[in-house]
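**Student:** Got a predicted structure here, sequence first:
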Amino acid sequence: MAPGKPGKAPVEAPGDALGDALGDAPPDAPPERFRAVEEAREWAAGRDDVTLVVLGDEPLATVTALRRGPTPLDADGLRIVQLARHEIAVAFGGARLRETLEQERSELSAVVDGATDVIVQVNGERRVTRLNPAGEAKLGVAAATLGGRRCDELLGCPAVGNHQGEACPFDEVLASRGAIDYREGTIRGGDGSAIRIAGSYFRAPGEGADIRATGILRDVSAIRALEALREGFVATVSHELRTPLALVRGYAETLLHLELEPAEQREYIERIQQVSGRLTDLVAQILDVTHLDADPLILERAPVSFAALVARLRGDLVLSGEDARLVADLAPDLPPIEVDAGRVGRVLENLVGNAMKYAPAETPVVVGASVGGDWLVATVDDEGIGVPEAERALVAEPFHRAWNVRESRIPGTGLGLYICRRLIEAHGGRLSLGDRPGGPGGTRVTFTLPLLADARRRGGGGSSRREAGGTAEAAEATGAGEREAATRG
C-alpha cells in the first residue's frame, strides 16, 4: 500500500509482511517502488506467476498484491482482494470527507470568531448556545459563563425597552422558519448603556433538541449619531443663514427704495455690516469643523507668552468697544507655553466671545491663569446664564446648545465650544465646564496648555495680578478655581 495518485505517483511493491507470507523473493522480484501504476502493469504483463490488483483508481493510495508460485490467485483470493479494495476505498473516502468537514468547520469558526458584529446563537428555548468574541467584548460577558441564559437576559432587552410592541425576533424565526433580513433594536452594553443595533436573524435546519436560531447584530450607534449630527447641521445652518440673509436683504431694499437721512443710511449700513459679520463667523466655524474632522491637525508649536495672547485679544476687542469688559487675572511670572499661537488665540477669542454674548452687558469676563505641574491652567469666568450640569459634557459636541441657551433666543451654532475642545485636545490638554466660583450664576471654562520644556524643568507660578482696561490691582488667587481646573491625566 503506497500513497500516491494512480498513473502519476510512485507505487510501492509488497512489503516485508507479504514477502514473508509468500516466501523469499526470487531474483526477478518487483522493485521496491514503481514510478506509476502503468509501470507495475507492464512489469506484471505476461507473467503467469503474478496476479496484479490495483486497489482504488481514485484514492490517494494504490495497493498491489503479488503471489509467487506455480498457480495464480484463485477466485476466492481475488474476491478477498477486491473486498479489501472496496473497504480501503470507503475508508479513504471517509477520511477525505472528515478532513474536508474539519477544514470547513475551522474556516467557519475563524469567520465567526473574527467577525466584528455580535453573533448570538440560541436553541428552541431561546437559551444562548454560542456567543462570538465580538459579542463577549460588546456585552461584557464571557461565553464560558453563559450557563444557559436566555437571550433577553444576555442582551438586556427588558432593561433597554427592546421589542416594545413587537415579538422577539428569535421567537419569530424559530416559529416561522423564515428569516428576518433587517430589524433595528436596542441591546444593553457591558457598561449598562443602550446600544442601537441592526440585526438579521435566521433559523438553521433541525428539529427538536437540534433547533438553532442565529442573530447577527451590528452596532449602528455611530451611524445614527452621524445622521442626527447631519440633521442638526442642516437645521442649524439653514436657520442661521436664513435670518441674517433676510435682514441683509431687508436693509438693502430699504436703502434702495426709500429716501433716508444720512444718519439713517449709516445705521442701516452698520446693521448690514454686523449681520454679514455673523455670516462670516458661521462660515468660518463650519470650515473649522470640516478641517478638524477631515484632516490631521498640524500644529505650529512655538514658545509664547499667555499674557501676550490675552493682550492681543484685548486689542481686537477695542474696535467693538468690549475691551473694558475683559479682565486679566494672571500670575506676573507665568512661564511661557509651547503651543500654536494662532489656534490658542482662536480658543481665547471663542471662549471670551461666548462669555460676553451670554452674560449681561457691562459685566466683566475674567481670564485667569496659573501653573499646575507641567501645565498652564487657564480659566474664563462670566456672570451669564450658566450651563446646566447635565448638559456640560454635551455642549462641547458639535451643534449642541444647552436648553436654557436655546430658550434665551440668543443666536448661535453650537460649534464654538466643540472647536475649542478639539484644539485644546490637539495640544494634549483638557477643556471642562463648571460653575463660576463665588456665584450666583455664571460659568467657568477651564483648559490646560503645555508649558515650554525648559519651564517645566525650572517650575513656575506666583501671585496673581488683575488687569482691567489697562489698570492693575492686587487680587488673591482663587484656590477654588485651581481645584476645579482640568489637568491632564
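**Tutor:** Received, thanks.
**Student:** so where is the stretch 251-400 of the chain shaky, pLDDT-wise?
**Tutor:** 293-296, 399 (pLDDT under 70).
**Student:** all strands of it, in order?
**Tutor:** All strands of the stretch 251-400 of the chain, identified by DSSP state E, counting those that start in this stretch, fall at 302-304, 326-330, 337-339, 365-372, 375-382.
**Student:** how about those strands in JSON lines, adding distance to residue 140?
**Tutor:** Where C-beta positions appear, they are placed from N, C-alpha and C, glycine not excepted. Formatted as JSON lines, the strands of the stretch 251-400 of the chain follow (distance: least, Cβ to Cβ, whole Å):
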{"stretch": "strand 302-304", "distance to residue 140": "45"}
{"stretch": "strand 326-330", "distance to residue 140": "46"}
{"stretch": "strand 337-339", "distance to residue 140": "39"}
{"stretch": "strand 365-372", "distance to residue 140": "35"}
{"stretch": "strand 375-382", "distance to residue 140": "34"}
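**Student:** Let me see the mean pLDDT of the lengthiest strand in the chain.
**Tutor:** Longest strand in the chain by number of residues (criterion: DSSP state E): strand 194-204. Average pLDDT, strand 194-204: 90.
**Student:** Which elements pack onto whichever helix or strand comes after it?
**Tutor:** Next helix or strand after strand 194-204 toward the C-terminus (DSSP states H and E): strand 212-219. Contact here means 3 or more Cβ pairs under 8 Å, 6 or more residues apart in numbering; DSSP states H and E; on that basis strand 212-219 packs against strand 118-123, helix 169-176, strand 194-204.
**Student:** Please identify the most buried of these.
**Tutor:** strand 118-123 (a mean of 21; mean count of other Cβ atoms under 10 Å).
**Student:** number of nearby residues for residue 94?
**Tutor:** The tally of other residues near residue 94 (other Cβ atoms under 10 Å) stands at 10.
**Student:** Test for you: state the pLDDT assigned to it.
**Tutor:** For residue 94, the pLDDT comes out at 88.
**Student:** Please report how far it lies from residue 78.
**Tutor:** In this view, residue 94 and residue 78 are 25 Å apart by Cβ to Cβ, to the nearest Å.
**Student:** and if you look at residue 127?
**Tutor:** 58 Å.
**Student:** Over to residue 310?
**Tutor:** Using Cβ to Cβ, we find residue 310 at a distance of 107 Å from residue 78.
**Student:** Looking at these two now, which is surrounded by more residues?
**Tutor:** Neighbour count, other Cβ under 10 Å: between residue 310 and residue 78, residue 310 has more, with 22 against 14.
**Student:** so who does that one touch?
**Tutor:** Contacts for residue 310 were tallied using Cβ atoms under 8 Å, 6 or more residues apart in numbering; they are 326, 328, 330, 348, 367.
**Student:** what bridges to the residue lying closest to the third one once chain neighbours are set aside?
**Tutor:** This means residue 330. Leaving aside its sequence neighbours, residue 330 sits nearest to residue 369 (Cβ to Cβ, 6 or more residues apart in numbering; 4.9 Å). Legend: beta-bridge partners of residue 369 under DSSP bridges are residue 330, residue 378.
**Student:** residues contacting residue 369?
**Tutor:** 306-307, 329-331, 334, 376-379.
**Student:** want to try CSV for those, with distance to residue 287 and neighbour count as columns?
**Tutor:** Shown next, in CSV, are the contacts of residue 369 (distance: Cβ to Cβ, whole Å; neighbours: other Cβ atoms under 10 Å):
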residue, distance to residue 287, neighbour count
306, 26, 24
307, 29, 18
329, 33, 23
330, 31, 21
331, 35, 20
334, 32, 21
376, 28, 29
377, 30, 22
378, 25, 28
379, 28, 23
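**Student:** tell me which of the residues you listed is nearest to residue 425?
**Tutor:** Nearest to residue 425 among the contacts of residue 369: residue 378, at 14.5 Å, using Cβ to Cβ.
**Student:** mind listing what the spatially closest residue to residue 391 that is not a sequence neighbour touches?
**Tutor:** Once flanking residues are discounted, residue 391 sits nearest to residue 402: 4.6 Å by Cβ to Cβ, 6+ apart. Listed by Cβ under 8 Å, 6+ apart, the contact set of residue 402 reads 387-388, 391, 394-395.
**Student:** For residue 243, state which of those residues is nearest.
**Tutor:** Comparing these against residue 243 with Cβ to Cβ places residue 395 closest, at 21.6 Å.
**Student:** Please tell me how far that closest one sits from residue 230.
**Tutor:** Taking Cβ to Cβ, one finds residue 395 at 19 Å from residue 230.
**Student:** Looking only at neighbour counts, state which of the two leads.
**Tutor:** Set residue 395 next to residue 230 and count neighbours by other Cβ under 10 Å: residue 395 wins out with 20 against 11.
**Student:** check contacts around the more buried one.
**Tutor:** 387, 401-402, 414, 417, 433.
**Student:** Could you rerun that using 6 Å?
**Tutor:** 387, 402, 417 (Cβ atoms under 6 Å, 6 or more residues apart in numbering).
**Student:** could I get those residues as TSV with distance to residue 258?
**Tutor:** Below are the contacts of residue 395 laid out as TSV (distance: Cβ to Cβ, whole Å):
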residue	distance to residue 258
387	43
402	41
417	41
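**Student:** Centre-most residue in the protein?
**Tutor:** Against the mean C-alpha coordinate of the chain, by Cα atoms, centre = their mean, the closest residue is residue 222 at 7.8 Å.
**Student:** Check for me that that one belongs to a helix.
**Tutor:** Yes. When classified by DSSP: H, G, I helix; E, B strand; the rest coil, residue 222 is found to be part of a helix.
**Student:** pLDDT wise, what is it at?
**Tutor:** Confidence score, pLDDT, at residue 222: 82.
**Student:** Flag every buried residue along the helix ranked longest in the chain.
**Tutor:** Longest helix in the chain by number of residues (criterion: DSSP state H): helix 75-114. Residues 81, 85, 88-89, 92, 112 are the ones in helix 75-114 that count as buried (16 or more other Cβ atoms under 10 Å).
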